[in-house]
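Asker: Below: sequence and its predicted model.
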Protein chains: 2
Amino acid sequence: MKATLLHAPGDIRVEDVPDPSIVTPNDALVRVTAACVCGSDLWPYRGINKVSGPRRIGHEFVGIVEEVGSDVSTVRPGDFVIAPFLYSDGTCAHCQAGVHTSCVNGGGYGHPDVDGALVDAGQGEHVRLPYADGTLVSTPEVPDESQVPALLTLSDVMGTGWHAALSAGVEEGHTVVVVGDGAVGLCGVLAASRMGAERVIAMSRHEPRQAIARQFGATDVVEVRGDDAVAAVKELTDGIGADAVLECVGTGESMATAFGCARPGATVGFVGVPHDVDLPMGTMFGENVGLRGGVAPVRAYLPMLRDLVLAGEIDPGVVFDLELPLAEAAEAYAAMDERRAIKSLLRP
Amino acid sequence: MKATLLHAPGDIRVEDVPDPSIVTPNDALVRVTAACVCGSDLWPYRGINKVSGPRRIGHEFVGIVEEVGSDVSTVRPGDFVIAPFLYSDGTCAHCQAGVHTSCVNGGGYGHPDVDGALVDAGQGEHVRLPYADGTLVSTPEVPDESQVPALLTLSDVMGTGWHAALSAGVEEGHTVVVVGDGAVGLCGVLAASRMGAERVIAMSRHEPRQAIARQFGATDVVEVRGDDAVAAVKELTDGIGADAVLECVGTGESMATAFGCARPGATVGFVGVPHDVDLPMGTMFGENVGLRGGVAPVRAYLPMLRDLVLAGEIDPGVVFDLELPLAEAAEAYAAMDERRAIKSLLRP
């Protein structure tokens, strides 16, 4: 089959790799019908995370189940399934508590599982993955093509935006600030709005992203950065600050902005993978501004978000502004890297 | 009147200072009937926080209102009142949100208020404080002497322990770890227990403190520190970790222990003033362990905790294991500094 490999920073290729097959009784084999490129895929693509030799890449995909192992009971061949960006057994204490990302048997795509067999990455034609029952979420029937992009966002960005909002403690009537206008930040706007925030202040300097933010429920847009952004939020909130802040970038500057916008007693919900972040202990302690979040257990939110998508209540799929055949994965990466695209969808 | 002054590290004296009087219409003048020494008073006493010349000290006290300014309506002469460790106007957005510690007009005892008039510190015979309506909490009648120590803890340590538990998200049925066996940590045990924790694991190597912890609801005591303490908690929790962790010390080691004991998805509620703390971003992000808390807005909890004390439902007053006349304040400090006393009560 064809799959995407990252050979070196900036060097993405689609090549022939071995066809996967069922290895363990809890496996599923999925034919990928749509996959996408994640902001976190750009870290190794940009060489910020080390790349040592060709590696499979991609962790967001949906598709049709082709075959399952003998122990699998919740999905069957022909089902349309959404795969969260990590697989998980669904039965350990952490999965049971809704923190599937800490599953004792879980792991990431593109790496060997505990038995040493490769779990295929998502940007390819097929994926063999373990713990199918604990990982995959199916739809009652194969969805209409128009709903596929929205369902694909539940693999990662929509669930991650939801996690940011939940971690930040967004409640009905709140004023919420969202730092970051990538796909996750935009989905954070949608999540906060869906949770009943009265005011959602999006930070974005890019007109197309501002338009999506407004479509997702943003009531205000702040176009400046850093201290100026904090000042703008303070002015919008009568000097008080936001009730909840979503940090969806992961840099030192974005985290500082997030804390700067938070009112005393608020919580920053963070989902941007932190790179060179210093936390402001003085503000955290003195002003009681908390920090919660992390790698999002999207599996926990998937059934609920799937139902919202299928009912037409949310359409996070609009974050995809570029769609390409799998063979053009290199362009899908380049477009996101150069911020020509918010998020690229790939069709195997 | 007599009041305590810190002249230099280790040098506590009780001396004559000017009698205070009403300055602004929102003032109250309180005759202090009981005060105490706080763990945070030990930071300057030990020279870890700078001391530049003699300064008033003490921020926990109860007493009888002697006089009020013309605008004061919620307390009157003769009332028994409890003073939270910071004063606050009670009307600004932060006070209204229950974060009185961030009050725009608030401040600390022993320093001048916004008008430049000294707000007396708590370890003295009288205190003039501003914003009496937003600060002081009275009892329906002058309480029995036996209840005074418990009411005095509501000035700080009991409210702070409560804040730690609330910030950590303690819920019915939880397994909770409390790091720190000072008065705040012990009150944290009591708070967690009162909130319905099924299991409360106290960390203490001191038999008298262990006894109070058990009296306050601790079901387990861990006597080791650091990595050994984390291992002990993991063993007690089948390798899972605690649902909520209270960090009541503020050192780098205690914070590391707190994070080490937290299960994925848990929150560390921190109230120990941080000194040289590095936060484990990898654990926070990768395991979704949050951090919330800070300087406790005890004013927000005071009416509720007062009612629990007056109803005899909690008795945090047992944290006082030394009682001395105000004149012997130096010994009150020395005993706490040398860990001969958990907490010292002073009688002016």
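Answerer: On my side now, so go ahead.
Asker: What are the neighbouring residues in contact with the nearest residue to A:W162 once chain neighbours are set aside?
Answerer: Once flanking residues are discounted, A:W162 sits nearest to A:A191: 4.4 Å by C-beta to C-beta, 6 or more residues apart in numbering or on different chains. From N, CA and C alone the C-beta is placed, and that goes for glycine too. Neighbour list for A:A191: A:M158, A:G161, A:W162, A:A164, A:A165, A:L166, A:V170 [criterion: C-beta atoms under 8 Å, 6 or more residues apart in numbering or on different chains].
Asker: try it again with 6 Å
Answerer: Contact analysis of A:A191 by C-beta atoms under 6 Å, 6 or more residues apart in numbering or on different chains lists A:G161, A:W162, A:A165.
Asker: where does the stretch 101-250 of chain A dip in pLDDT?
Answerer: Within the stretch 101-250 of chain A, not a single segment meets pLDDT under 70.
Asker: Which stretches in it count as strands?
Answerer: Listed in chain order, the strands of the stretch 101-250 of chain A (DSSP state E, counting those that start in this stretch) span A:107-108, A:126-129, A:137-138, A:175-179, A:199-203, A:220-222, A:242-247.
Asker: highest average neighbour count across the ones you listed?
Answerer: Comparing those by mean neighbour count (mean count of other C-beta atoms under 10 Å in any protein chain shown), strand A:175-179 comes out on top with a mean of 33.
Asker: how about A:V268, phi and psi?
Answerer: Dihedral angles phi and psi of A:V268 (degrees, to the nearest 10) take the values phi -90, psi 120.
Asker: Could you double-check that it lies in contact with A:L246?
Answerer: No: in this structure, A:V268 is not within contact of A:L246 by C-beta atoms under 6 Å, at 7.8 Å.
Asker: ok, back up a step: nearest to chain B, out of the strands of the stretch 101-250 of chain A?
Answerer: Of all those, strand A:242-247 sits nearest to chain B, with 8.5 Å by C-beta to the nearest C-beta.
Asker: can you give me the angle the closest one makes with strand A:175-179?
Answerer: 20 degrees (axes from the mean of the first three to the mean of the last three C-alpha atoms, to 10 degrees).
Asker: what lines up beside strand A:242-247 in the sheet?
Answerer: Strand A:242-247 has the following sheet partners, assigned by DSSP bridges: strand A:175-179 (parallel), strand A:262-270 (parallel).
Asker: roughly how far apart are A:G78 and A:G63?
Answerer: Going from A:G78 to A:G63 by C-beta to C-beta, to the nearest Å gives 11 Å.
Asker: Kindly apply the preceding question to A:G134 instead.
Answerer: 17 Å.
Asker: A:F259 too?
Answerer: The gap separating A:F259 from A:G63 is 40 Å, by C-beta to C-beta.
Asker: A:A258 and A:G269 touch, don't they?
Answerer: No: using C-beta under 6 Å as the test, A:A258 is too far from A:G269 to be in contact (8.9 Å).
Asker: in the stretch 51-200 of chain A, what residue is nearest chain B?
Answerer: The minimum distance from the stretch 51-200 of chain A to chain B, using C-beta to the nearest C-beta, falls at A:S102 (3.5 Å).
Asker: List the contacts of that residue.
Answerer: A:H94, B:P264, B:E287.
Asker: any idea how far the residue nearest to it when sequence neighbours are not counted is from B:M284?
Answerer: Spatial nearest neighbour of A:S102, chain neighbours left out: B:P264 (3.5 Å); criterion: C-beta to C-beta, 6+ apart. Distance, B:P264 to B:M284, by C-beta to C-beta: 11 Å.
Asker: One more: A:G217?
Answerer: 28 Å.
Asker: out of those two, which sits in the busier spot?
Answerer: Per other C-beta atoms under 10 Å in any protein chain shown, whichever of A:G217 and B:M284 has more neighbours is B:M284, with 23 against 19.
Asker: need the residues of the stretch 101-250 of chain A near chain B, please.
Answerer: Within the stretch 101-250 of chain A, the positions adjacent to chain B are A:S102, A:I240 by C-beta under 6 Å from any C-beta of the partner chain.
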